[in-house]
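> coordinates only, sequence not included:
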């Protein structure tokens, strides 16, 4: 119920924006609010709101679509126009008068031909097919009946093709809910289910270039066949399927139209940690990530299999991950259950830059528009950033359970196709060969607005028995953001926090998307002469580059100063895994001191003011 | 008018206002499509579906067409509620 209210509020907000003439903002909000499975009334409301926006305000590309239907589609057409607009298309719809499909197609002077459509949709259903044969009919005769039914449709396509070069979309037969003899109807050649399945297969075989099939039967099955067939509205006003399914059909049909217009997506940009495998490669190592065995691991493996399947079907795969490149590549090279290989990835970006800049570079290197990209990442903050800064990139809302990754991607139909060629199969190789290897200028986006919108709050405290286990875990598990790679048992940490000379602090970060939990630990040791030494500083990589580093550093300085500290000293001990933080103290305004075997010490004079870091994190009350 | 019918009329009014996007609508028994310009055969379907949803009922094919005025709707809703 509260979802209903949220939707209602959002639609009211859209209406207000339209009344204030803020058409683009209204449409963006409407686009985010509307879902294909919204009920009929909501669908019509969205369509009505969309109709309030004056033509030309959204810069949509016009496309002429003729809908030749054997049922009432007026409501469908309204929803259809809306879902076309979401793809950037202005659907100019021609509706054949009820019951006139044959005349429209066979009469060269019909208003249908005068309309000169770019696309023609044969909006039919199982009712338009004569498939019922007497019980006991031999399968060969049934086959003839089926072929005759198919030929009837083919003759329509040919009639259209003779007078127009429009693309043709033909709906197949949505199998009815009813059966006469139960499962026997599917088994025997003259059975209703068997014959209609045969019809759908033969219909697919009969297409020629410029014709494609809309799998109405598949849609009916995912909607739920028993709900799909709503006879009341067929008897009353000839609506072909449940009114609540209108949005789903409209959205799917828009995707197919989009495919004809070349609007399908071309490239999938993938995050790595918790997207391609469970866990964080930098912390868990390739042996520790979840991939393969176990319920979690298998889900990720199946997701990789699906992605590989997409690659073989012409989708370009790219990687965009916040990781050290060598570490990020390890699973591809060494993990036995890794399905994707480095060869399958056309552009591999693993670095510490923001993902928006990286995605821009990926598009530029592939020489395709940003609007051809889909970005998949398990982290809602990253998704929000990309949606905000690159609205033309599709960013599906990934579910929390990796078991649902495949179905989420599949349902979006980003890669709807109407043709397939050898070129599609070998596309990845072509792109890999042609990729430009120029060094691109780092284009950093101004992401202050985004950071502010995250509404981040940090809770800070001294070690206590409640937080000790998690603090210890962070210290002992972290490899990348760990300046000195110290490892301490819980008992040692307990001792330190009560010895009177050591400050042990934990930091917990909440943002708009939820609680990130304990994300950093600092251990400061008081030495002689007002020197405070940063014995340990670890942080979770999930919250990098959000200002947490600056917030924590400021806190360290304040802590030291409050205990009459005069100088704060940090140390960087390099390992194979923590290159990430090699220049951290420099970035925070410390002075480089002594260097020995790669280990560097960094000083900050606490008599000076804390540097004016730009921090969008507030201290939690 | 009975209390229940009155309460139903309030709810039905909400549905009308929602469907026709007009907060000023006030339904009355004799109200028909003639009273609301947008209430054509297409919007009738939207209205009926919205009524079904609000009152948790399913109308049969014949009933859908018979709901020509508000009074008939309320009577039908009352009868359904008794079952």
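Great, that's in hand. Keep in mind that what you see is a predicted model, and the values were worked out from it rather than measured.

> interface residues of the stretch 151-300 of chain A facing chain B?
A:231, A:232, A:233, A:235, A:236, A:237, A:239, A:243 (C-beta under 8 Å from any C-beta of the partner chain). Bear in mind the C-beta positions are built from the backbone N, C-alpha and C, glycine included.

> Determine which two of these are furthest apart.
Distances among these were taken as C-beta to C-beta; the most separated pair is A:235 and A:243, at 13.5 Å.

> which one of those two has more residues nearby?
Counting neighbours by other C-beta atoms under 10 Å in any protein chain shown for residue A:235 and for residue A:243 shows that residue A:243 has the greater number, 23 against 14.

> Counting by contacts, list what the helix or strand residue A:299 falls within packs against.
Secondary structure assignment for residue A:299, by DSSP states H and E: helix A:294-312. If contacts are counted by 3 or more C-beta pairs under 8 Å, 6 or more residues apart in numbering or on different chains; DSSP states H and E, helix A:294-312 sits against strand A:267-270, strand A:316-322, helix A:405-412.

> Quick check: phi and psi on the closest residue to chain A within chain B?
As assessed by C-beta to the nearest C-beta, chain A sits closest to residue B:61 within chain B, at 3.8 Å. Main-chain torsions, residue B:61, degrees, to the nearest 10: phi -60, psi -40.

> Find the nearest non-adjacent residue to it, please.
Using C-beta to C-beta, 6 or more residues apart in numbering or on different chains and skipping residues adjacent in sequence, the residue nearest residue B:61 is residue A:235, 3.8 Å away.

> Distance of that neighbour relative to residue A:312?
Noted for residue A:235: a distance of 46 Å to residue A:312, by C-beta to C-beta, to the nearest Å.

> so how far is stretch A:366-373 off the chain centroid?
16 Å (C-alpha atoms, centre = their mean, to the nearest Å).

> Please disregard the earlier target; I meant stretch A:595-610.
Its chain's C-alpha centre lies 43 Å from the corresponding centre of stretch A:595-610 when counted by C-alpha atoms, centre = their mean.

> just for the chain, where's the confidence low?
Here I'm looking at chain A. A:1, A:433-446 (pLDDT under 70).

> look at chain B instead
For chain B, the stretches flagged by pLDDT under 70 are B:1, B:83.

> Let me see the ranges of the helices in the stretch 351-500 of chain A.
A:355-366, A:380-389, A:405-412, A:422-425, A:427-434, A:448-453, A:468-477, A:490-497 (DSSP state H, counting those that start in this stretch).

> so which of these is the most packed in?
Ranked by mean neighbour count, the helices of the stretch 351-500 of chain A are led by helix A:355-366 with a mean of 21 (mean count of other C-beta atoms under 10 Å in any protein chain shown).

> distance between it and the chain's centre?
On C-alpha atoms, centre = their mean, the centre of helix A:355-366 falls 16 Å from that of its chain.

> the inter-axis angle of that helix versus helix A:380-389?
Here helix A:355-366 runs at an angle of 60 degrees relative to helix A:380-389 (axes from the mean of the first three to the mean of the last three C-alpha atoms, to 10 degrees).

> Which strands and helices lie in contact with the host helix or strand of residue A:114?
When elements are assigned from DSSP H and E, residue A:114 belongs to helix A:111-115. In this structure, helix A:111-115 packs against strand A:61-69, strand A:89-95, helix A:101-106, with contacts taken as 3+ C-beta pairs under 8 Å, 6+ apart.

> closest to residue A:607 out of the ones you listed?
Of the helices and strands packed on helix A:111-115, nearest to residue A:607 by C-beta to C-beta is strand A:61-69, at 63.4 Å.

> what's the next helix or strand after the closest one in contact with?
Next in sequence after strand A:61-69, counting helices and strands by DSSP H and E, comes helix A:74-86. Defining contact as C-beta atoms under 8 Å, 6 or more residues apart in numbering or on different chains, one finds that helix A:74-86 is touched by A:27, A:31, A:34, A:36, A:40, A:43-44, A:46-48, A:50-51, A:58, A:60, A:63, A:65, A:67, A:90-91, A:93, A:95, A:123, A:239, A:243, A:246-247, A:249-251, A:253-254, A:257, B:42, B:45-46.

> I'd guessed the residue of chain B closest to chain A sits against residue A:232; true?
Yes - contact criterion C-beta atoms under 8 Å: residue B:61 and residue A:232 qualify, at 4.6 Å.

> higher neighbour count, the two?
Shown here are residue B:61 and residue A:232; by other C-beta under 10 Å, residue A:232 has more neighbours (19 against 14).

> how about the closest residue in space to residue A:337 that isn't next to it in sequence, secondary structure?
Once flanking residues are discounted, residue A:337 sits nearest to residue A:292: 3.0 Å by C-beta to C-beta, 6+ apart. With DSSP: H, G, I helix; E, B strand; the rest coil as the basis, residue A:292 sits in coil.

> From what I see, residue A:589 and residue A:609 are in contact.
No - counting by C-beta under 8 Å, residue A:589 does not reach residue A:609; the two are 10.3 Å apart.

> helices or strands up against the helix or strand where residue B:49 lies?
In this assignment (DSSP H and E), residue B:49 forms part of helix B:41-55. Packing partners of helix B:41-55 (3+ C-beta pairs under 8 Å, 6+ apart): helix A:40-51, helix A:74-86, helix A:231-237, helix B:3-19, helix B:70-82.

> hmm, try it at 6 Å
Judged by 3 or more C-beta pairs under 6 Å, 6 or more residues apart in numbering or on different chains; DSSP states H and E, the packing partners of helix B:41-55 are helix A:40-51, helix B:3-19.

> List the buried residues in that helix.
For helix B:41-55, the neighbour count (16 or more other C-beta atoms under 10 Å in any protein chain shown) marks B:43-55 as buried.

> so how far is stretch A:544-561 from its chain's centroid?
Distance of stretch A:544-561 from the chain centroid (C-alpha atoms, centre = their mean) equals 33 Å.

> What residues sit buried inside that stretch?
Neighbour-count burial for stretch A:544-561 flags A:544, A:546-557, A:559-561 (criterion: 16+ other C-beta under 10 Å).

> Can you pull the residues of chain B lying near chain A?
Residues of chain B lying close to chain A (C-beta under 6 Å from any C-beta of the partner chain) are B:42, B:46, B:49, B:50, B:61, B:64, B:65.
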